[in-house]
Structure formats: C-alpha cells, structure tokens
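J.: heads up, no residue letters with this:
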C-alpha cells in the first residue's frame, strides 16, 4: 500500500541555518510527491511537487528531489527565515482517485 | 489562491448533536474531499466526491456522511457527534484525478465536541 513517513519534530533552528526535513515513502506504481506548508491557523498550501523520478521541485528557496532508488523526497532550504516557521507535510498521490497520503507533519520554529 | 471557503470556521457542540460543515468552491473543480487533521496522524481522508451526487468513502468514514447537490458545495455531516470527532476538518478540491494533479485546501473548520 501507500504510506509516507516524515521525521519527527519539532525542529528548532536559528535564522540562516540549513534545513532538512526527511520524507520517505512506500508506494505502488508511479506516484507524485508533494510538500505542503501550514502556517498557524491556516489551511495547507502547496509548497512544491515532483511528478517523476529525479525531478526536483522548488519554490521560495525550498527544494526537494524525487529519489526513486531511496524512495525519498527530503525537503531542504539553505537559509531559513523566521517567516518559515510552520508545519510541513510530505504527501504522495496514489494511482487511483487522486487519493493523497500524508505524513504526520513536522513543526519548524525558526528563532532570530 | 484557490477559491475555497469553509463554514463555520469554529464550532463547539455537545455529544449527540448533529453537525454539518460546509465547503464551497468557486473553481468549478469536479473532485472534492474532506479530511480530518489530528496530532500524530497528519491528514486522513473521510469522504470524497467525484461529481454531483457521486461520493465515496475514505479511510475514516465511520460516523460521517456527505452530500453534494451542486458542483460548488460539499457538505460533511456528523449525525451524532462524539468527542472522538473533535478535530480540524479540511476540505480540498482537485481538477482531475491524474496522479500529477494538486489538491488545494480550504482554511479549515475547528470542531470541538464536549
């Protein structure tokens, strides 16, 4: 079946630090992979996505590469800002009915 | 931003009462979804709709029903609310079911069942 595993949080970083949030997946077929971000009190917003192996999604300085050989889609950012404080969700879309499978979320707090 | 609204945004109710949450979209997307978000579980699919009057169950559908009489509206009903249904509920929409398609989310409804 399909599932997503994310690194446990919370994560606390100083401003300008390097960020990595690990995400691995189990899937049948050829899923697409997504990172969503949720700011306090808001819904989920698409941050980036990749639809096939070796694709790199990027947005707002965040990047993630679809690695089929390691079944991973780790989120990275070279220099985080206080405004990046949020909860980050890794997700995959399955092959039928566009059903999404979400990780449990990783809370990030960036301190000045 | 996708045009998705949810109402109410917050609700407190008592065990045993019926509750209906509404999702409204202005994108004319065919597919709509209801998720619940709980700590340690991420988001889990409750029900989804693939067209007017066409709905199906998700992973955690027990205790919930849905209806879709118009493309733009998708209702989630808790027939008799229980404390285990205290959660944040999100509606999502997508244009198609292609595996590459994105789901877009509403702002959420925080439901507390006392």
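T.: Sure thing, it's come through. Keep in mind it's a predicted model, so treat the numbers as computed, not measured. Numbering: from 1, shown residues only, chains lettered A, B, ... in the order given.
J.: helix, strand or coil: sort out the residue nearest to the spatial centre of chain B for me.
T.: Centroid-nearest residue in chain B: residue B:34, 2.6 Å away (criterion: C-alpha atoms, centre = their mean). With DSSP: H, G, I helix; E, B strand; the rest coil as the basis, residue B:34 sits in strand.
J.: residue contacts, it?
T.: The contact partners of residue B:34, by C-beta atoms under 8 Å, 6 or more residues apart in numbering or on different chains, come to B:21, B:23, B:45-48, B:58, B:64, B:66, B:74, B:76, B:89-92. Where you see a C-beta, it was placed from the backbone N, CA and C, and this is true even at glycine.
J.: same check, this time on residue B:86
T.: B:111, B:112, B:113.
J.: of those residues, which belong to strands?
T.: B:111, B:112, B:113 (DSSP state E).
J.: between those, which is nearest residue B:12?
T.: Of all those, residue B:12 sits closest to residue B:112, with 4.6 Å by C-beta to C-beta.
J.: what helix or strand is the closest residue to that closest one other than its chain neighbours on?
T.: Residue nearest to residue B:112 in three dimensions, not counting chain neighbours: residue B:12, with 4.6 Å by C-beta to C-beta, 6 or more residues apart in numbering or on different chains. For residue B:12, the host element (DSSP states H and E) is strand B:10-13.
J.: distance of residue A:61 relative to chain B?
T.: 20 Å (C-beta to the nearest C-beta, to the nearest Å).
J.: picking that back up, correct me, but the residue nearest to residue B:112 touches residue B:110?
T.: No: the pair residue B:12 / residue B:110 is not scored as a contact, 9.1 Å apart, by C-beta atoms under 8 Å.
J.: ok, the residue of chain B most remote from its centre - contacts?
T.: Relative to the C-alpha centroid of chain B, counting by C-alpha atoms, centre = their mean, residue B:100 is the outermost residue, at 21.6 Å. Under the criterion of C-beta under 8 Å, 6+ apart, the neighbours of residue B:100 are A:32, A:51, A:93.
J.: cool, residue A:1 as well?
T.: Counting by C-beta under 8 Å, 6+ apart, residue A:1 has contacts A:26, A:28.
J.: could you check the pLDDT of it?
T.: We have a pLDDT of 83 for residue A:1.
J.: also the one 5 residues further on?
T.: In this model, residue A:6 is scored at 94, pLDDT.
J.: what's around the residue nearest to it when sequence neighbours are not counted, how many residues?
T.: Spatial nearest neighbour of residue A:6, excluding adjacent residues (C-beta to C-beta, 6+ apart): residue A:103 at 3.5 Å. Here the count is done by other C-beta atoms under 10 Å in any protein chain shown, and residue A:103 has 26 residues near it.
J.: for residue A:103, give its distance to residue B:25.
T.: Taking C-beta to C-beta, to the nearest Å as the measure, residue A:103 falls 25 Å from residue B:25.
J.: could you do residue A:29 as well?
T.: Separation of residue A:29 from residue B:25 (C-beta to C-beta) stands at 28 Å.
J.: cheers, nothing more for now.
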